[in-house]
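>>> Sequence unavailable; structure follows:
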């Protein structure tokens, strides 16, 4: 066996082990608040949140879950918040692609933590960007009161959801809400601001204030069912449109409604019959280095993601630290912008470091992005970037100008953008390669991803220098032994914040995915984007 084969096998083993860790953590997240809490919901005759989604979705249809890791390793003082207490994703109901949002009542009775609000707003953002119908399966006790100051009053807090209800209604985006459990206080506006509001008898209830608060506020004695149960809200107040005997009947009605929707507008993105890559997709495991600092041929990854392994490069001989080119993914025409992790020679014969963006590469990428907008071709960014090149030669050559040109073209791009964080995603490289701040329609990470201002080693050494300077200013000296211990402590803390789990728990990325699912995510994302008309492209002022 050759040295190359041995390295391939080591990469494969490490990358597959990393994915196994993701899967095991997801299995725990899928349990929500745990088996005991789930049993209590089942005793009430309820389906669990994921069961409701499975029943609602078309059989054997594709499903991509958004934000499964939301809240991961957060709120430990309150017992955690698995999945952010809500399940969201893109799926198909009666043949129509849509967003589904289902409160998980096994997690603190479906109460809203700060991350719950962020996750709900992300689901609505995807619906608005892509003009997708959205279905809410409501079962929530409302705001988690111990953290109300972090979820209630700000622009991106709880109230923003109802503002979005109103905006989506004005945009003609279908919204269907089913009250399948509690729906209280401000949350009661969500179903009523949707196009159709349904309720399940016995379990569903909707009111601005529950019976205990009513008693405290005005002294009235009344039970929750009489106050805002299914019969009251359908036959007395008329707040809800229809009531149903159980979850299944309610979900069947949603399927019936979805089946009657008119066809959406089409943005006109080009698609032909799909072809699988010629090169084996599962070889990605072995091509991607286990050591994030090692170079590799990014082209080898691209050829295992695109149809027929065909990738037509743009300006192949220029700006070699970024690969740009045209391809198809699951039949969809795409423009790909990928960091090249090879050590390559520049046009002047100088060696360039893999994963670093140089002036010529930024210039090439900016032009390619503008071309894709002109041709109405969706963009896919494959990130494995350590940042822009620094030093006097780069500064004198105008790296800031060329980097700004790339960011300007990418930020103003109106074709849908999709970002895959394959490996490193550091500093301004994250920005230029369409990080979360630049509105990718979907952004996902592979288990090998690392997202931070800079790499752990560089950051730790920088922070150590700052710490030493601070101690010196106080007249204190630090021994070599203490310096090494401090460096190790800083490195561990910093590295823990660069993992894909840290990013996914805060929704910096929509999901941590199996690299072999990348084609599915991009394809479903473009299908979603094809529902929404495109805006004209104006790149802004580019300093050439």
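Cool, got the structure. Note that the coordinates shown come from a computational prediction; the quantities given were computed from them, not determined experimentally.

>>> where does the stretch 251-400 of the chain dip in pLDDT?
Counting by pLDDT under 70, the ranges of the stretch 251-400 of the chain that qualify are 346-352, 390-392, 394-398.

>>> ok, which stretches of it are strands?
Secondary structure of the stretch 251-400 of the chain by DSSP state E, counting those that start in this stretch: the strands cover 312-313, 322-329, 332-339, 344-345, 351-352, 356-357, 379-385, 387-388.

>>> Looking at these, which one is packed in the most?
Of all these, strand 379-385 has the most neighbours on average by mean count of other Cβ atoms under 10 Å, namely a mean of 27. Using the backbone N, CA and C atoms, a C-beta is placed for each residue, glycine as well.

>>> ok, it: who's next to it in the sheet?
Next to strand 379-385 in the sheet, as set by DSSP bridges, lie strand 332-339 (parallel), strand 417-426 (parallel).

>>> Tabulate those strands (TSV), appending distance to residue 274.
Shown next, in TSV, are the strands paired with strand 379-385 (distance: least, Cβ to Cβ, whole Å):
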stretch	distance to residue 274
strand 332-339	8
strand 417-426	17
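
>>> For residue 80, find the nearest of those strands.
Checking the strands paired with strand 379-385 against residue 80 by Cβ to Cβ gives strand 417-426 as the closest, at 25.0 Å.

>>> Quick one: mean pLDDT for that closest one?
Along strand 417-426, the predicted local confidence has a mean pLDDT of 96.

>>> Repeat that for stretch 85-92.
Stretch 85-92 shows a mean pLDDT of 98.

>>> outside of it, which residues touch it?
With contact meaning Cβ atoms under 8 Å, 6 or more residues apart in numbering, stretch 85-92 is reached by 49-50, 53, 57-58, 61-68, 71, 97-104, 107-108, 110-113, 116, 119-120, 122-123, 126, 132, 140, 524, 528.

>>> for the strand or helix carrying residue 137, packing partners?
Under the criterion of DSSP states H and E, residue 137 resides in strand 134-140. Here strand 134-140 touches helix 49-56, strand 96-103, helix 114-130, strand 175-184, helix 189-192, going by 3 or more Cβ pairs under 8 Å, 6 or more residues apart in numbering; DSSP states H and E.

>>> elements contacting the shortest one?
Using 3+ Cβ pairs under 8 Å, 6+ apart as the contact criterion, the neighbours of helix 189-192 among helices and strands are strand 134-140, helix 159-171, strand 175-184.

>>> Same check on the third one?
Here helix 114-130 is seen to pack against strand 64-66, strand 86-93, strand 96-103, strand 134-140, helix 159-171, helix 518-529 when contacts are counted using 3+ Cβ pairs under 8 Å, 6+ apart.

>>> which one of the ones you listed is the most hemmed in?
Mean neighbour count (mean count of other Cβ under 10 Å) peaks for strand 134-140 among these, with a mean of 27.

>>> circling back to that earlier point, among the helices and strands packed on strand 134-140, which is nearest residue 377?
Proximity to residue 377, assessed across the helices and strands packed on strand 134-140 by Cβ to Cβ, is greatest for helix 114-130 (17.0 Å).

>>> Can you mark which positions in the closest one are buried?
Across helix 114-130, burial judged by 16 or more other Cβ atoms under 10 Å covers 114-124, 126-130.

>>> quick revisit: turn the helices and strands packed on strand 134-140 into a markdown table, columns for mean pLDDT and distance to residue 463.
As requested, the helices and strands packed on strand 134-140 are arranged in a markdown table below (pLDDT from 0 to 100; distance: least, Cβ to Cβ, whole Å):
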| stretch | mean pLDDT | distance to residue 463 |
| --- | --- | --- |
| helix 49-56 | 98 | 41 |
| strand 96-103 | 98 | 40 |
| helix 114-130 | 97 | 27 |
| strand 175-184 | 94 | 46 |
| helix 189-192 | 90 | 44 |
